[in-house]
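>>> 3D model of this:
(2 chains)
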Amino acid sequence: MFLSRSDAITLWTLRAFAAITAAITLLIAAFLLLESGPALQSPGLTHFFTDRAWFPASATPQFNLAPMIAGSLLATLGALLIAVPLGIAAALFSRFYAPPFLALLFRRLLELLAGIPSVVYGFWGLVVLTPLIREWQPPGQSLLAAILILSLMILPTIALLSETALRSIPQSYLQGAAALGLSRHSTIVGVALPAASSGIISAVVLATGRAIGETMAVLMVAGNIVQVPDSLFAPVRTLTANIALELAYALDGHRAALFVSGLLLMALVVVLTALSHWVTRESQHA
Amino acid sequence: MTDSCDSSTLRPWAQRQACCPTFEPCIEVLDLTVAYDGKTALHRVSLDISRGCITAIVGPSGCGKSSFLSTLNRLSDLTPTCQVSGSVRIEGQEIVGQELNLITLRRQVGMIFQKPNPFPLSIHENLAFPLRHHGMNDRQRREEEIEKVLSRVGLWEEVKDRLHAPALGLSGGQQQRLCLARALLLSPRILLLDEPCSALDPLASAVVEDLIASLRGDYTVVIVTHNLAQAKRIADYVAMFWQVDGAGTVIEHGSAGTLFDSPADPITAAYIAGARG
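Numbering: from 1, shown residues only, chains lettered A, B, ... in the order given. Next up, the predicted model:
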C-alpha cells in the first residue's frame, strides 16, 4: 500500500496512541497480578474463598473474601433490578412519548444526574437516606442503602445510553411500522426494543461495571461490616470498600490480599464484558 | 378481472386499456397543499384515482411526489413540521384535517417504501407480528395466512425452509417482496408504492414490477416512479408532477394511452420524449 508522507505521519501517530492505550490496560493487569502474586502463592487462591473469616492482620491470618464478593454482587444486582426497568422506561418516555422540549429537558437533567460526583451521592445517602432507613429498620447503613444509592448513580447511564440506542433506530423501521397501522405500544415492543437491544445491553453492562466499581458512595452508606448479609437491612462491605478502607495500613500478606480483591474486581468486569459481547452477537444472529 | 387483463405478460400500455375500462374514483384529491415549515412542497393538487387500477405518479425529483403519497395514508403525520390542507377522500371518507382512526386508515391503505424496510426480526416474525397486533390470535390461521401471502409474492418456495432466519439476510428484491407481503397480509384496498424498484438491481426490479402489475384489479395501486419505461409497462393512469414556482403540482393527468401517446402539455411531451427532467 502506498502512503503519502502525511498519511504515514497520521498512521504512525495513531498507532502510537493506540499502543499507549492498550499498554495501559495491560500494565494495570500485570501490576495487579504482580502485587497479588505473594498472596496467590501463599496462602493461595482457594483460601480467599474457604478461610473461616477475614482477619488479614492477625497472627494466623484468615483471608475469606466471600462476604465482600457477596456484598458487591448483591448491591450491584439490587441496583440493576431497580435501575434497568426505570432507565429503559425513562428512555422510552423521552424517545416516544415526551414532547420535544420536555424530552430535551429530561435528557439535560439526566446528564446532570450522571455528572454528580459520587462522594456527593454518598454524603446525601449518609445524612438523608440512612436515617430514613434506620427509622424503618435499624441500623440504617445497610445493603438497601447501598442498592438505592447505586441505583441512582447508574440510572442516568442506562437511561441516556438506551435513549441514544432508541434514537439511532433507522427511521425506516418506524415508518414501516406506522404504515402497517401499528400502535405506538406495538411499535415499541415489536420493533424499537428489538432493534435497539444491543445498544440497551451495552448500556446495562456499562452501568453494571460502574456499580461494581463504585467505591466512595457505597462505603459511606453500606456500614462496611464483613458479613454475608442476611437481610436487606444488614450492613455489608463491598470489595471496593474493603480496599479503600484497609489499604492505608495494610502490610505484606494483607496488602497482597487486597490486591487479590482488585484482581477479582477486574475479573468480574472482564466476564461482564465478554458476556455482553456474546449476548450482543447472539441477538444480532437471532 | 378478465383474462385479457392478465398482466403477468407485459403488453404495451396502449393495448391494456381494456383492463381498467371505466373510471371509478376511489381516492379523490382536491386542492391538496403540503408545506414543510411553511415552505410549500405541493401546491393545490387535484387528482382522482380510479379503483382497481394502477396509477403512476411520474416527474423529476423534488416535485412533491413522495409528499403526495404520504398524505394518502397520513404518514405525513410523522413529520411534525408537515402541514397538509385541502381535501383527500378515500372511498368517500375525508382524511385530511380531522381526527380519525389512523390504524384503520393504514390497514386500508398499505405502503411500500423505496428502500426495503423489513423489521430486524425473522422472516416469519415480520409477518406474524403485525397479524398478532391486528388481533389474529389463532396461530393456525396466522400460519395459513403467512403461507398464502408469501406464495402470492413468490417468496414461499424461496424461504419456506428458513422462515426463522433474519429477514435482513434476504436479498434486496426478496426484502422488498417480503415488505409487499407484509402490506398485503392486512388486506388493504389501496397500496401506495414509493419508487419500490429503484433500490433494486434490474432482475429483482423486474420480479417486483411483475408482482405489482399482478395486483391490478384486486387493489388500487398508486406508484411513484422515476422510471418512465416502468410507468409505460404497468400504469393504467398517469399523473405528471412538475415543479412550478418552487412547488410541485400536477400539470397533466389521464389514461396512460392518452398521456404517453398525445400529451397535451408541452412539458409532459418533452419529459416523455426524454428531453427534460
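>>> what residues does chain A put near chain B?
Counting by Cβ under 8 Å from any Cβ of the partner chain, chain A comes close to chain B at A:100, A:170, A:172-183, A:186, A:190-191, A:194-195, A:285-286. C-beta here means a position set from N, CA and C on the backbone, and glycine is covered the same way.
>>> Any regions of the chain where pLDDT drops low?
Defaulting to chain A. Low-confidence regions of chain A, defined here as pLDDT under 70, cover residues A:1, A:283-286.
>>> think we crossed wires, I meant chain B
Judged by pLDDT under 70, chain B has its weakly predicted residues at B:1-21, B:275-277.
>>> Please list the residues of the stretch 51-200 of chain B that sit near chain A.
Near chain A, the residues belonging to the stretch 51-200 of chain B are B:73, B:75, B:78, B:80, B:102-107, B:110-111, B:113, B:115, B:117-122, B:129-130, B:133-134, B:166, B:179, B:182-183, B:186 when assessed by Cβ under 8 Å from any Cβ.
>>> Could you pull out the helices in chain B for me?
Remark: helices assigned in chain B by DSSP state H are B:65-72, B:102-108, B:123-133, B:139-152, B:156-159, B:172-184, B:202-213, B:228-234, B:256-261, B:266-272.
>>> residues of the shortest one that come out buried?
Which is helix B:156-159. Neighbour counts using 16 or more other Cβ atoms under 10 Å in any protein chain shown place B:156, B:159 of helix B:156-159 among the buried residues.
>>> Let's see it as CSV, backbone CA atoms only.
Included here for helix B:156-159 are C-alpha records, laid out as CSV according to Å, rounded to 0.1, in the frame of the first residue of the first chain:
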residue,chain,number,x,y,z
TRP,B,156,-42.7,-19.1,-0.3
GLU,B,157,-40.6,-21.6,-2.2
GLU,B,158,-37.5,-19.4,-1.6
VAL,B,159,-37.9,-19.0,2.1
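>>> what sits up against it?
For helix B:156-159, contacts defined as Cβ atoms under 8 Å, 6 or more residues apart in numbering or on different chains pick out B:123, B:147, B:150, B:165, B:170, B:174.
>>> Go again with 6 Å.
With contacts defined as Cβ atoms under 6 Å, 6 or more residues apart in numbering or on different chains, helix B:156-159 is touched by B:123, B:150.
>>> chain center to it, what's the gap?
How far helix B:156-159 lies from its chain's middle: 24 Å, per Cα atoms, centre = their mean, to the nearest Å.
>>> And for the fourth one?
Averaging C-alpha coordinates over helix B:139-152 and over its chain gives two centres that are 23 Å apart (Cα atoms, centre = their mean).
>>> by contact count, what packs against that helix?
Using 3 or more Cβ pairs under 6 Å, 6 or more residues apart in numbering or on different chains; DSSP states H and E as the contact criterion, the elements in contact with helix B:139-152 are helix B:123-133, helix B:172-184.
>>> Return the most buried member of those helices.
The highest mean neighbour count among the helices and strands packed on helix B:139-152 belongs to helix B:172-184 (a mean of 24), with neighbours defined as mean count of other Cβ atoms under 10 Å in any protein chain shown.
>>> List phi and psi for the residue lying closest to residue B:176 once chain neighbours are set aside.
Spatially, and ignoring its direct neighbours in sequence, residue B:176 is nearest to residue B:116 (4.2 Å; Cβ to Cβ, 6 or more residues apart in numbering or on different chains). Backbone torsions for residue B:116, taken as degrees, to the nearest 10, come to phi -50, psi 130.
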